[in-house]
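# build me a structure from this.
(one chain, ligands or ions: 3)
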Amino acid sequence: SHNIRLAVIPGDGIGKEVVAEGLKVLDAVGLKAETTTYDLGAARYHATGETLPEETLAELRGYDAILLGAVGDPSVPPGVLERELLLKLRFELDHYVNLRPVRLYPGVETPLAGDHSIDMVVIREGTEGPYTGAGGVMRRGTAQEIATQESFNTAFGVERVVRYAFEKAITRPRRKLTLVHKTNVLTYAGDLWARVVERVSTEYPEVATDYCHVDAASMFFVTQPERFDVIVTDNLFGDILTDIGAAIAGGIGLAASGNVNPSSVGSASWAPSMFEPVHGSAPDIAGQGKADPTATVLSIAMMLDHLGLTAEAARVEKAVADDLAGRQVAGITRSTREIGDDLAARVTG
Ligand code: NAD
Ligand code: IPM
Ligand code: MN
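Numbers count the residues shown, from 1 in each chain. Ligands and ions are numbered 1, 2, ... in the order given. Now for the predicted structure:
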């Protein structure tokens, strides 16, 4: 069987709890997975001042993939761990595709009125937009303070993620790609995105291309989510939309993601992709065994799929689908560990 080398960053809060269950399920798949855990996060930061040491980053480049729980803690100023650990990994490992499926599994309750079939993939750009950290502050703390936060959009960066989105759309039955942006206000960035989509679309006549402003898209997520198949969007719009996506598809505890560097293995630009639940460290429920580890388990299925272990990925996904299908009937609340145990048992069969 295959041997995979996996770096694990449980991180903070419920990150540690959900990753423990994810690894339990991965173990049940029976792969020869060799995992190495890295204690990055709030505790390490308090102990040593380090967020992501250069040697650790260099080491992480050597794995097949990275599994991350969540980072961020109330004891650390906002942005320190998010920027210097999580975003640094996404940027340094060139995770330009942030892949976020939004799918309502059979048996899962949606807060939306009426019956809905929700099955889309949000492809969120992962290395540019307002996330680069460009900007600054003048006269901080005075009444004349000016804070800027610039959005970077390069022809290269937009085109590569748009091409990935067309390639994704063409593999799906509906073959529909929607660009979500705000071209009516963000005229420079929006114009670049729209022109790139327009130009690349001529190479994909089988794909129906559509456009939606992000405000309207937010509305359609909660009124007519079936409008969407594949969405390609800017880093920040994708962040916000996928929390809405999580909410309509059964909750944030089910939403999985992959920070993907699609370069082929062996190429100079290859780097490990990183898989993580969409949710954060949830300080409000951390340490209580209340977190749903399902998002992490589904992220592991995405990881296995990315690594070409499609049969194993399918087994994990089926375990989740079966578990979700039984939830309403069962009507009992399980702890993080109980859900992990149940999923592992289903994978073992
Ligand atoms: P959050 O996702 O941590 O929590 C939002 C709400 O969802 C909370 O009420 C929480 O209890 C609930 N929730 C989250 N995951 C859940 C799960 N698996 N099961 C059940 N309920 C769940 O978002 P937040 O509160 O805005 O952020 C908390 C911290 O996490 C911040 O420091 C933030 O920067 C960080 N964060 C990190 C990541 C990441 O590491 N990828 C993502 C988002 C937020
Ligand atoms: C996410 C998170 C991160 C993001 C934060 C913690 C940097 O919200 O993964 O969705 O904004 O990308
Ligand atoms: Mn987010």
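# and the stretch 51-200 of the chain, which residues reach ligand 1?
By CB under 6 Å from any ligand atom, the part of the stretch 51-200 of the chain that sits against ligand 1 consists of 70, 71, 72, 82, 86. Heads up, the C-betas are built off the backbone N, CA and C, glycines and all.
# check contacts around the third one.
Shown here is residue 72, whose contacts under the criterion CB atoms under 8 Å, 6 or more residues apart in numbering are 11, 12, 13, 42, 78, 81, 82, 280, 281.
# 6 Å instead, please
Residues in contact with residue 72 (CB atoms under 6 Å, 6 or more residues apart in numbering) are 12, 81, 82, 280, 281.
# of these, which belong to strands?
Among these, none falls in strands (DSSP state E).
# ok, those residues vs ligand 2, which is closest?
residue 82 (3.9 Å; CB to the nearest ligand atom).
# for the closest residue to the closest one other than its chain neighbours, what are phi and psi?
Leaving aside its sequence neighbours, residue 82 sits nearest to residue 72 (CB to CB, 6 or more residues apart in numbering; 5.7 Å). When quoted as degrees, to the nearest 10, the phi and psi of residue 72 stand at phi 120, psi 130.
# and the residues of the stretch 51-200 of the chain next to ligand 1, which two are the farthest apart?
The most widely separated members of these, counting by CB to CB, are 70 and 82 (10.1 Å).
# these two: which has the busier surroundings?
It is residue 70, of residue 70 and residue 82, that has more neighbours when counted by other CB atoms under 10 Å, with 30 against 16.
# returning to that earlier point: now tabulate the residues of the stretch 51-200 of the chain next to ligand 1 in CSV and tack on distance to residue 270 and pLDDT.
Output for those, formatted as CSV (distance: CB to CB, whole Å; pLDDT from 0 to 100):
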residue, distance to residue 270, pLDDT
70, 26, 98
71, 24, 98
72, 29, 97
82, 26, 97
86, 21, 98
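# and the contacts of residue 72, which of them are in helices?
residue 81 (DSSP state H).
# from the contacts of residue 72, list the buried ones, please.
Neighbour counting with 16 or more other CB atoms under 10 Å marks 12, 81, 82, 280, 281 as buried within the contacts of residue 72.
# measure the third one to residue 285 for me?
Residue 82 sits 19 Å away from residue 285 when distances are taken as CB to CB, to the nearest Å.
# run through the helices of the stretch 201-349 of the chain in chain order.
214-223, 235-248, 294-306, 310-330, 336-348 (DSSP state H, counting those that start in this stretch).
# of all those, which lies closest to ligand 2?
Among the helices of the stretch 201-349 of the chain, the nearest to ligand 2 by CB to the nearest ligand atom is helix 235-248 (4.3 Å).
# which residues does the residue nearest to the spatial centre of the chain contact?
What sits nearest the mean C-alpha location of the chain, by CA atoms, centre = their mean, is residue 257, with 2.8 Å. By CB under 6 Å, 6+ apart, the contact list for residue 257 reads 100, 276, 278.
# quick check, nearest of those residues to ligand 2?
Set against ligand 2, the nearest of the contacts of residue 257 by CB to the nearest ligand atom is residue 278 (5.5 Å).
# excluding its backbone neighbours, what's nearest that closest one?
Take residue 278 and drop its neighbours on the chain: the residue closest to it by CB to CB, 6+ apart is residue 255, 3.8 Å away.
# any idea how far the one you found is from residue 99?
From residue 255 to residue 99 the distance is 12 Å (CB to CB).
# just residue 210 next, same as before
Residue 210 is 19 Å from residue 99, by CB to CB.
# in terms of neighbours, single out the busier of these two.
Applying other CB under 10 Å to residue 210 and residue 99 shows that residue 99 carries more neighbours, namely 24 against 16.
# how deep is the residue lying closest to that one once chain neighbours are set aside tucked in, by neighbour count?
Using CB to CB, 6+ apart and skipping the chain neighbours, the partner closest in space to residue 99 is residue 258 (4.4 Å). Around residue 258 there are 23 other residues, counting by other CB under 10 Å.
# so residue 258 sits against residue 100, correct?
No: in this structure residue 258 lies outside contact range of residue 100 using CB atoms under 6 Å: 8.0 Å.
# burial measure for residue 165, as a count.
28.
# can you pull the contacts of it?
Residue 165 makes contacts with 123, 177, 230, 232, as judged by CB under 6 Å, 6+ apart.
# and which of those residues is nearest ligand 2?
Top of the list for closeness to ligand 2, among the contacts of residue 165 and by CB to the nearest ligand atom, is residue 123 at 13.9 Å.
# can stretch 289-306 be found next to ligand 1?
Yes: Stretch 289-306 reaches ligand 1 (CB under 6 Å from any ligand atom) through 291, 292, 295.
# help me see whether that stretch makes contact with ligand 2, please.
No: for stretch 289-306, no contact with ligand 2 is found by CB under 6 Å from any ligand atom; the gap never falls below 11.2 Å.
# quick one: mean pLDDT for that stretch?
The average pLDDT for stretch 289-306 rounds to 98.
# and that stretch, how far from the chain's centre?
Chain-centre distance of stretch 289-306: 11 Å, with CA atoms, centre = their mean, to the nearest Å.
# same question for stretch 24-42.
18 Å.
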